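Novice: just the structure for this:
(2 chains)
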Amino acid sequence: MVKFGIEFVPRDAYWRIVYYTIESEKSGFDHVWITDHYNNRNVYVMLTLISNYTNSIKLGTGVTNPYVCNPVFTATAIASLAEVAPNRVVCGIGAGDYVTLSAIGLKFEKPLAYVKEAVEIIRTLTSGETVNLDGDVFKIRGARLNYKSPSKIPVYIGAQGPAMLRLAGEIGDGVLINASHPKDLKEAVARIREGVSKANRRVEDLDIAAYTSFSIAEEEAKAIEAAIPVVAFIVGGSPNVVLEKHGIDIEKAQAIKDALVQGKFGRAFKNVTSDMIEAFSIAGTPKQCIDKIEQVLETGVTQFVVGSPIGLDVIKSIRMIGEKIIPVF
Amino acid sequence: MSFNSILDGLSEDVKSQLFERLLEILFKSKNVDKADPTHITKFLHLAKEGFLKSSECLKTMLYIAVSMEKEETLSILSEKAEFSRLHDAILS
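Specialist: Modelled structure (predicted):
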């Protein structure tokens, strides 16, 4: 049975995120994923607070990254959280993005090594064992936590490129695929399966999540209105090869990139076209969203994550998904 | 007359309408920093326990709404005759 997750970005007040999650749990969501960016509220503070006001929803970092946060710290934070909420914690980890990292003086280098070694460190430490690792990027000798997680913490790897997707298939308990279009998801699942085969694992043992940009409303126009800013930023951060794959006009995409760099968001948003919305989001009425989710699930995805913007009115959108989408699946 | 006794006298349907209007204020206001953390903690606790439309929760939401958007809250309470005593209680 497919699982439903929902992503929140803690740029909004802490109590609003907690309330959204209470509504999400009551609406039938299985997972909440809280993003981890240095410029938003801290992911572990948020997840701990959320754990106090919810009963069963799984709590995940969506995603932390090993450049900004040393995996030893991630291990102690996530194990502490698991002590507060046993059997509910998952660790989402990914390489992050070049723009965010460069803003704080970090180099986006050796992403595969960073993620692979971080996963090993986190798993070893949270299970109460000692880490001795002479890795490509991390050198750790005799590190050990003074406690261990009361339950196993599944590690989900955030991935988009082929090599990271294969790695996720090799070592992840789950994968968070950063895509919304069935064509992209189908290709991603194929790469994950390659990793699974290489490691002699079973694909059924992985939770493969589509981490989508999602927007729902009773009227299609309102759903699209909410999706436009998010899609503009996705287009702005996409290389031409990705845009061409979806038949996106490169000149129009470049106009968006230029406007975003200049901080002229209104101009950027005006250049978002319907084919960009189609390629990089799932936006529409409940019926349209159901049709698109069905296509997504045909690719082999086992968890559907409702990512930003969710809708113009977040609370109404969460309830709408709970009433009209989740029961269908 | 206290908020509690006024709220207790409202029908479930009116309470539900009041809840939705207050929720809009709480989640659309830009004055999040004006919300009292004690009231916020109480609101979240009542939400978790499923008492969102109880008199206690509505009273807590009223306190938060007034601290964030006093004029808008009063305007909403002027919309319906059933809310008028709450409007007067805030001003008294």
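Novice: residue contacts, B:A47?
Specialist: A:Y19, A:I22, A:Y53, B:C57 (CB atoms under 8 Å, 6 or more residues apart in numbering or on different chains). (Glycine included, C-beta is placed from N, CA and C.)
Novice: go ahead and build a ChimeraX selection from the buried members of the residues you listed.
Specialist: A single ChimeraX command selects the buried members of these (16 or more other CB atoms under 10 Å in any protein chain shown):
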select /A:19,22,53 /B:57
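Novice: which residue ranges of the stretch 51-200 of chain A form helices?
Specialist: Ranges of helices in the stretch 51-200 of chain A, per DSSP state H, counting those that start in this stretch, are A:71-84, A:98-103, A:111-126, A:162-171, A:182-198.
Novice: quick one, which of those helices is nearest to chain B?
Specialist: Closest approach to chain B among the helices of the stretch 51-200 of chain A (CB to the nearest CB): helix A:71-84, 15.0 Å.
Novice: what's the average pLDDT for that closest one?
Specialist: The predicted model assigns helix A:71-84 a mean pLDDT of 97.
Novice: ok, now stretch A:142-160?
Specialist: According to the model, stretch A:142-160 has a mean pLDDT of 95.
Novice: same deal with stretch A:205-223?
Specialist: On average, stretch A:205-223 scores 97.
Novice: stretch A:253-260 now?
Specialist: Averaging pLDDT along stretch A:253-260 yields 91.
Novice: so where's the longest strand in chain A?
Specialist: Criterion DSSP state E: the longest strand present in chain A is strand A:207-216.
Novice: got a list of what the residue in the stretch 51-200 of chain A that chain B sits nearest to touches?
Specialist: Per CB to the nearest CB, the residue of the stretch 51-200 of chain A with the smallest distance to chain B is A:Y53, at 4.6 Å. Contacts for A:Y53 (CB under 8 Å, 6+ apart) come out as A:V18, A:T21, A:I22, B:L44, B:H45, B:A47, B:K48.
Novice: out of the residues you listed, which are inside strands?
Specialist: Using DSSP E, none of the contacts of A:Y53 sit in strands.
Novice: now a PyMOL select for only the buried ones of the residues you listed.
Specialist: Remark: buried members of the contacts of A:Y53, expressed as a PyMOL selection using 16+ other CB under 10 Å:
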select buried, (chain A and resi 18+21+22) or (chain B and resi 44+47+48)
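Novice: what is the nearest of the contacts of A:Y53 to A:T302?
Specialist: Closest approach to A:T302 among the contacts of A:Y53 (CB to CB): A:T21, at 21.4 Å.
Novice: gap between the closest one and chain B?
Specialist: 10 Å (CB to the nearest CB, to the nearest Å).
Novice: next: A:I250.
Specialist: 38 Å.
Novice: now swap in A:G322 and tell me
Specialist: Here the criterion is CB to the nearest CB. By it, A:G322 lies 15 Å from chain B.
Novice: part of a strand, is that residue?
Specialist: No. A:G322 is assigned helix when assessed by DSSP: H, G, I helix; E, B strand; the rest coil, not a strand.
Novice: give me the pLDDT for B:M1.
Specialist: At B:M1, pLDDT is 59.
Novice: so, low pLDDT: which residues of chain B?
Specialist: Within chain B, the ranges that satisfy pLDDT under 70 run B:1.
Novice: can you pull the residues of it lying near chain A?
Specialist: Applying CB under 8 Å from any CB of the partner chain, we find that chain B lies next to chain A at B:L23, B:L26, B:F27, B:V32, B:A35, B:I40, B:F43, B:L44, B:H45, B:A47, B:K48.
Novice: report how many residues lie close to A:Y44.
Specialist: Residues lying near A:Y44 (other CB atoms under 10 Å in any protein chain shown) number 20.
Novice: just A:R144 next, same as before
Specialist: The burial count for A:R144: 13, using other CB under 10 Å.
Novice: show me what contacts it?
Specialist: A:L125, A:G128, A:E129, A:T130, A:V131.
Novice: which of the residues of chain B next to chain A fall within helices?
Specialist: B:L23, B:L26, B:F27, B:I40, B:F43, B:L44, B:H45, B:A47, B:K48 (DSSP state H).
Novice: returning to that earlier point: greatest separation within the residues of chain B next to chain A: which pair is it?
Specialist: Farthest-apart pair in the residues of chain B next to chain A is B:V32 and B:K48; separation 19.9 Å (CB to CB).
Novice: and stretch A:37-44, what's buried?
Specialist: Under 16+ other CB under 10 Å, the buried positions of stretch A:37-44 are A:H37, A:N40, A:R41, A:V43, A:Y44.
Novice: for that stretch, how far is the first residue from the last?
Specialist: 11 Å (CA to CA, to the nearest Å).
Novice: residue contacts, A:I282?
Specialist: A:S180, A:T212, A:S213, A:F214, A:S215, A:C289, A:K292, A:I293, A:V296.
Novice: and the residue nearest to the second one when sequence neighbours are not counted, how many residues sit next to it?
Specialist: Counting by CB to CB, 6 or more residues apart in numbering or on different chains, A:S180 is the residue found nearest to A:T212 once chain neighbours are left out, at 4.1 Å. Neighbouring residues of A:S180 were enumerated by other CB under 10 Å; the total is 26.
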